[in-house]
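Participant: sequence below, structure please.
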Amino acid sequence: MEKINLTFLGTSGALPSPSRSHPSIHLNYKKENILIDCGENTQVQLRKSYLSPHKLTRILITHWHGDHVLGLPGLLQTLALIKYPKTLYIYGPKGTKRFFKHMLQAFKFKEKYDIKIKEVSSGKVLETEEFIIKSQAMSHGIPCNAYSFQIKDRLRINKSKLKKAKIPATSKLKKILKGKSITINKKKYTSKELTYTEPGKKITFVIDTSQNKKIPIFAKNSDLLISDSTFDSKTKQKAKQYKHLTAKQAAENAKKAKVKQLILTNLSSKHEKNPKVVLSEAKKIFKNASIAKDLLKIQI
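Facilitator: Predicted coordinates for the structure are as follows:
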């Protein structure tokens with residue numbers, strides 16, 4: 001199965017620092033190149049990561065707080081300048097079309113390519129033959145979404161069974177991948193006899209939200225949960241006030257959801273010098289936890 005490539009472009013909370021830019025994550029899967037949020041400095045981080053804006057296919061906006069979208073005007077202008085050849089699809093919560101219209105008016109931007117905007121809340125955002133993108137409304141004071149990117153399970157030909165049955169490579173094998181039976185040398189073989197299911201992969205992005213019961217349900221069985229962890233337990237009242245998660249809450253969600261890996265992001269500037277405080281809190285509950293840093297690249 002093709003790998004999903006993730007690059008953390010920005011991992012700060014509301015206040016950026018010399019080492020952490022405003023939130024943005026780049027996801028690559030085959031020809032899909034998707035941005036999750038587009039905070040200030042996203043363009044620079046793309047360049048540092050050797051990721052071409054020219055190849056972008058979609059942008060998923062979690063919500064319209066400035067630290068998550070202030071990189072959009074410059075990025076859109078750049079796409080016009082480099083003669084972006086495709087339709088850019090932008091998805092976001094309720095109000096996205098209105099905010100986007102005001103943003104274009106404010107910056108006097110004239111797009112030279114097609115932009116299609118879709119407002120989404122909870123449910124399926126997009127489905128292709130290979131993957132599904134879903135959204136789930138979160139709790140952050142304004143309309144806000146979490147997103148998941150899921151590669152579907154696939155039916156694969158079991159080569160060892162072919163060899164054992166002495167079945168030659170033939171165009172007929174394509175039929176069994178569609179669940180059909182085939183006949184070779186007057187013998188019938190069912191799809192079930194010659195195939196196996198390769199499990200898909202799921203990545204869930206819970207970027208800004210207060211704690212709520214929907215998170216572990218939405219993230220259930222993810223290979224990776226990327227979660228807001230702006231506060232620690234000592235400042236949990238502030239987390240509640242500003243509608244964010246603590247590292248402990250992120251870890252609790254990961255454990256309930258039975259995810260394989262947790263990456264903490266959106267760190268407060270308070271933890272800039274000592275992020276281990278956040279990490280150790282999470283690890284007490286969920287061992288396979290780590291902290292994102294700007295320009296970190298991983299494969300799933």
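
Participant: and stretch 97-110, how far from the chain's centre?
Facilitator: Distance of stretch 97-110 from its chain centroid, counting by C-alpha atoms, centre = their mean, to the nearest Å, is 25 Å.

Participant: so which bits of it are buried?
Facilitator: 99-100, 103-104 (16 or more other C-beta atoms under 10 Å). Yep, even glycine has a C-beta here, placed from its N, CA and C like the rest.

Participant: if I look at the closest residue to I142 other than its chain neighbours, how far off is A254?
Facilitator: Distance criterion C-beta to C-beta, 6 or more residues apart in numbering; nearest residue to I142, sequence neighbours excluded, is H63 at 5.7 Å. Distance, H63 to A254, by C-beta to C-beta, to the nearest Å: 22 Å.

Participant: who's more crowded, those two?
Facilitator: More neighbours surround A254 than the other of H63 and A254, with 29 against 23 (other C-beta atoms under 10 Å).

Participant: in the helix or strand containing the more buried one, what counts as buried?
Facilitator: Take DSSP states H and E as the rule and A254 turns out to sit in helix 247-257. Across helix 247-257, burial judged by 16+ other C-beta under 10 Å covers 247-254, 257.

Participant: extract the CA atoms of that helix and return them as CSV.
Facilitator: C-alpha atoms of helix 247-257 as CSV (Å, rounded to 0.1, in the frame of the first residue of the first chain):
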residue,chain,number,x,y,z
ALA,A,247,-2.2,16.9,26.9
LYS,A,248,-3.9,14.6,29.4
GLN,A,249,-7.3,15.0,27.6
ALA,A,250,-5.6,14.3,24.3
ALA,A,251,-4.1,11.1,25.7
GLU,A,252,-7.4,10.0,27.2
ASN,A,253,-9.1,10.4,23.8
ALA,A,254,-6.3,8.4,22.1
LYS,A,255,-6.7,5.6,24.7
LYS,A,256,-10.5,5.5,24.4
ALA,A,257,-10.3,5.6,20.6
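
Participant: quick one, helices of the stretch 101-250 of the chain?
Facilitator: Along the stretch 101-250 of the chain, counting by DSSP state H, counting those that start in this stretch, helices occupy 159-165, 173-176, 191-194, 214-218, 236-242, 247-257.

Participant: can I get the ones you listed in a markdown table with distance to D67 and mean pLDDT?
Facilitator: A markdown table is the format used below for those (distance: least, C-beta to C-beta, whole Å; pLDDT from 0 to 100):
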| stretch | distance to D67 | mean pLDDT |
| --- | --- | --- |
| helix 159-165 | 50 | 81 |
| helix 173-176 | 49 | 80 |
| helix 191-194 | 50 | 84 |
| helix 214-218 | 21 | 98 |
| helix 236-242 | 12 | 92 |
| helix 247-257 | 19 | 98 |
